[in-house]
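Colleague: With the input below, show me the fold.
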Amino acid sequence: MRRGVSLQDISDGRLYRAEDWVRADAGGCQGCFFCCCHTARAIVLDPLDVARLTHGLRLSFEQLLQQYVELGVEEGLLLPHLRSEGREERCVFLNAEGRCAQHALRPGICRLFPLARYYDAQGLHYIIQKNECVKKNRKLIQVQTWIDMPQLAQYEHFVKQWHDFRIRAVQQAGGDLKGLNLYLLRVFYQTPWEEAAFYQQFAARLKQAEDDLGI
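Modeller: This is a model prediction of the structure:
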C-alpha cells in the first residue's frame with residue numbers, strides 16, 4: 001500500500017479480513033485489461049511469486065530476469081517486478097487477446113486487485129481501492145475467494161513476515177543498502193526454491209537471514 005495517504009483518500013475507509021465480503025468481482029473483466037497496462041512496474045514480486053513462476057515456467061530466476069522480470073527500487077530495496085512492453089506499457093504476460101497468459105501463476109498483487117494490503121499493529125488487513133478498477137457494478141465476493149490463494153492463513157502469515165522483515169532489515173542496514181540488496185536477492189530470489197513446502201523453506205531462510213543480519 002502507498003504510504004503518506006489516508007485510507008479515505010484511496011479506499012472506502014474500511015479494513016477487511018479474508019472472511020469479509022467486498023465489491024471486487026468484475027465478472028471475468030469481459031475483455032477489459034486496463035489494470036494490466038502502465039502498472040507492471042508496480043507488480044513487485046515476493047519470494048513466493050518467484051518460486052511459483054520459476055517452477056511453473058520451468059525457468060531459473062536468472063532466466064526470468066532475461067524474459068519477464070526486471071529489478072527496481074521499492075522502499076529502498078532492489079526487488080524484482082514484472083516487465084512492461086510497448087507504448088501502453090502492457091504487462092509482459094498480457095496476450096494478444098488482452099488476457100493473462102499466466103493467470104494460474106499470477107503474483108499476489110495481481111490476485112488482490114482492486115484490493116490492496118494494509119498493515120497495522122493488529123496485523124494484515126485488506127482495503128478496496130477506489131478509482132483503480134474501471135469496471136462498474138462489481139459484484140460482492142468474499143475476500144478469500146477473490147484472492148484464490150491455497151493455504152491462505154499460511155500465506156497471510158508469510159506476507160506479514162516478509163513485510164515486517166524488509167522494514168527491519170532496512171533499519172538495521174542503515175546506509176549500507178547495496179550490501180543488503182545483494183544479500184536479499186541471493187537468499188530469497190536467486191537461490192532456488194524446492195517445489196513443495198515453500199512456507200517451511202521460507203521460515204528457515206528468514207531465521208538464517210535474521211541471524212546473518214543481526215536483526
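Colleague: would you list every one of the strands in this structure?
Modeller: Applying DSSP state E to the chain gives strands spanning 21-25, 69-74, 77-82, 84-85, 90-91, 115-120, 123-128, 139-142.
Colleague: Check which residues of the third one are buried.
Modeller: Looking back up the chat, that one is strand 77-82. The neighbour-count check on strand 77-82 (16 or more other CB atoms under 10 Å) flags 77, 79-82 as buried. For every residue, glycine as well, the C-beta is placed using N, CA and C.
Colleague: and R2, what pLDDT?
Modeller: On pLDDT, R2 comes in at 48.
Colleague: The longest helix along the chain vs strand 77-82, what angle?
Modeller: For the chain, the longest helix by residue count, based on DSSP state H, is helix 152-173. Angle, helix 152-173 to strand 77-82, by axes from the mean of the first three to the mean of the last three CA atoms, to 10 degrees: 140 degrees.
Colleague: hmm, back to that, need the winner for burial among the strands of the chain.
Modeller: Among the strands of the chain, strand 90-91 has the highest mean neighbour count (mean count of other CB atoms under 10 Å), at a mean of 22.
Colleague: Run through who's touching that strand.
Modeller: 33, 36-37, 39-40, 43, 82-85, 100 (CB atoms under 8 Å, 6 or more residues apart in numbering).
Colleague: Check stretch 121-134 too.
Modeller: 1, 7, 10-12, 14-18, 20, 22-24, 26, 32, 34-35, 112-119, 143, 156, 159-160, 163.
Colleague: could I get the buried residues of strand 77-82 as TSV with pLDDT?
Modeller: Listed next are these as TSV, based on pLDDT from 0 to 100:
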residue	pLDDT
L77	93
L79	96
P80	97
H81	96
L82	96
